[in-house]
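Asker: Need a 3D model of the sequence below.
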Amino acid sequence: MVSPEGLVAAAVALTGLALLVWCLWPWRLEEPGTWDEKVDEEEGIPFPAGDSLGSCRLLGKPSALAQHLAWSLGRWAALQGGCWLWPCWPQLQMLRQLLQQPEPEPVVARELLQLPDSGLVALDWLVGTRGARGGGRGSGRGDPSPVLLLIPNAAGKVTGGLLQLGLRALERGFVPVIFNRRGHNGCPLTTPRLQPFGDPGDLREAVTYLRCRHPAALLLAVSEGSGSGLLLAYLGESGSSSHLAAAACLSPIFRGRDWFEAGMPWLYEWPLLLHLKRGLSRYAGSLAEVVDMDMLLGSRSLRELEETLFCRTKSHPTSWEAYWEQNEPLRDVDEAAVPVLCLCSTDDPVRGPPARSLPLELFRSSPYFFLLLTPRGGHCSFPHPGPGGCWGHEAVLEYFRAMAEFLRAEEPRKGLLRPHRWGGAATEPPFTWQRSYTR
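Answerer: Model prediction:
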């Protein structure tokens with residue numbers, strides 16, 4: 001006979017399970033009638049006949065580059081997988097993406113880059129996997145291997161998915177390197193200052209250093225989730241002087257303020273909130289000079305933490321509105337002059353409903369921005385049952401390959417000089433890195 005205590009425990013467990021299923025159930029993300037009104041069924045750049053990405057669509061302003069990308073990406077139909085249940089659970093995909101680590105474990109060589117104000121950012125070079133000899137296959141043409149800059153989410157958490165992308169890129173002949181912000185992922189905080197959501201100053205220093213260290217190599221960048229806010233802000237602020245040939249964003253957050261104010265799924269927000277608090281607590285002594293640490297570590301949401309850290313400072317307090325005037329990712333997007341592929345899913349539980357979180361007009365009007373939109377992909381997951389588990393990674397690497405192919409074909413026709421071909425001015429004089437850095 002079951003005791004009353006056992007019945008109560010079972011009832012509590014069943015109730016908790018029911019609540020979890022209700023929170024994770026896919027239909028809670030849908031807003032019928034709002035999305036279809038903004039995107040026509042026929043809208044998008046068609047994939048070649050015989051090549052289809054299932055329900056995926058490529059949105060962008062029609063051009064020769066757009067057609068080339070449609071032809072190249074259309075060959076990856078198998079990456080979306082067949083009829084299986086996992087893509088129908090975006091919340092579980094999101095949790096897996098945050099917690100799972102890649103196998104085998106990558107080998108990383110870290111550099112600490114000194115900034116003008118004596119702050120530090122960390123560059124983690126992926127050099128191989130444990131138990132295996134590192135190094136990619138190279139380009140096969142005698143050209144320097146392209147450098148791929150990987151930008152983690154805004155909380156600085158380097159997910160297993162981002163590491164897996166880096167390892168796949170290494171196998172393909174890229175030189176992958178992870179950008180870590182001040183105080184993130186073990187990078188020492190030497191000044192009482194962290195990097196705001198959309199302030200690209202430190203990223204610009206890192207890209208300049210990479211250009212100095214690899215002057216003849218193709219520079220590429222890919223960001224994950226909320227880290228895309230930093231990359232998009234950099235591209236808009238830098239314009240044609242970004243030094244990048246192309247960029248990609250996996251499940252980007254386009255509207256920073258709206259994203260913080262709308263709130264996020266607790267399965268996503270709480271792990272990142274704890275991750276941030278754990279990192280910030282290491283520097284409580286130095287940060288106490290500029291912020292209220294009790295309020296900071298007592299934050300109950302990412303918005304509250306962001307506002308305490310950057311708006312309620314002791315020396316230069318500012319309003320939430322003024323903060324976002326300087327940090328919205330798309331504030332200078334009209335100045336961007338580098339092709340950008342944004343890989344998004346309509347069921348992304350982190351970005352929010354597509355009707356209000358996807359800037360469709362940007363992709364319709366800008367010749368540089370392309371949206372690869374899929375109905376099932378979650379947040380940075382894009383699962384498929386094959387090796388690697390993420391067809392989005394393969395799509396991004398194929399996009400970079402296609403971009404290099406397209407630009408090589410355009411060079412002779414337009415008479416471009418080799419140093420000018422990807423993001424820098426042809427008349428820009430050579431430069432060297434004058435500032436010291438530590439390994």
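
Asker: Check which residues of the helix of greatest length in the chain are buried.
Answerer: Scanning the chain for the helix with the most residues, using DSSP state H, yields helix 391-414. Buried residues in helix 391-414, counted by 16 or more other CB atoms under 10 Å: 391-404, 406-407. Just so you know, the C-beta spots here come from the backbone N, C-alpha and C atoms, and that holds for glycine as well.

Asker: distance between that helix and the chain's centre?
Answerer: Taking CA atoms, centre = their mean, to the nearest Å, the mean C-alpha location of helix 391-414 is offset from the chain mean by 19 Å.

Asker: avg pLDDT for it?
Answerer: Summarised as a single mean, pLDDT over helix 391-414 is 86.

Asker: tell me the two of the buried residues of helix 391-414 that are most distant?
Answerer: 391 and 407 (24.5 Å; CB to CB).

Asker: What are the contacting residues of stretch 251-262?
Answerer: With contacts defined as CB atoms under 8 Å, 6 or more residues apart in numbering, stretch 251-262 is touched by 154, 197-198, 223-226, 228-229, 232, 302-303, 306, 320, 324, 327-330, 342-345, 348, 350-352, 356-359, 362, 377-380.

Asker: Which stretches in the stretch 51-200 of the chain count as strands?
Answerer: For the stretch 51-200 of the chain, strands defined by DSSP state E, counting those that start in this stretch occupy the ranges 57-59, 106-114, 120-129, 147-151, 175-180.

Asker: out of the ones you listed, which comes closest to residue 163?
Answerer: Of all the strands of the stretch 51-200 of the chain, it is strand 106-114 that lies closest to residue 163, at 5.4 Å by CB to CB.

Asker: Can I get the closest one in PDB, CA atoms only?
Answerer: Extracted as PDB, the C-alpha positions of strand 106-114 are listed here (Å, rounded to 0.1, in the frame of the first residue of the first chain):
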ATOM      1  CA  PRO A 106      39.400  21.000 -28.300                       C
ATOM      2  CA  VAL A 107      42.900  22.200 -27.600                       C
ATOM      3  CA  VAL A 108      43.100  26.000 -27.200                       C
ATOM      4  CA  ALA A 109      46.100  28.400 -27.100                       C
ATOM      5  CA  ARG A 110      45.200  31.700 -25.400                       C
ATOM      6  CA  GLU A 111      46.600  35.200 -26.100                       C
ATOM      7  CA  LEU A 112      45.800  38.200 -24.000                       C
ATOM      8  CA  LEU A 113      45.500  41.400 -26.000                       C
ATOM      9  CA  GLN A 114      46.200  44.700 -24.300                       C
END
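
Asker: Enumerate the positions of it that are buried.
Answerer: Applying 16+ other CB under 10 Å to strand 106-114 flags 106, 108, 111, 113, 114 as buried.

Asker: Show me the two of the residues you listed that sit farthest apart.
Answerer: Among these, 106 and 114 lie farthest apart (CB to CB), at 25.0 Å.
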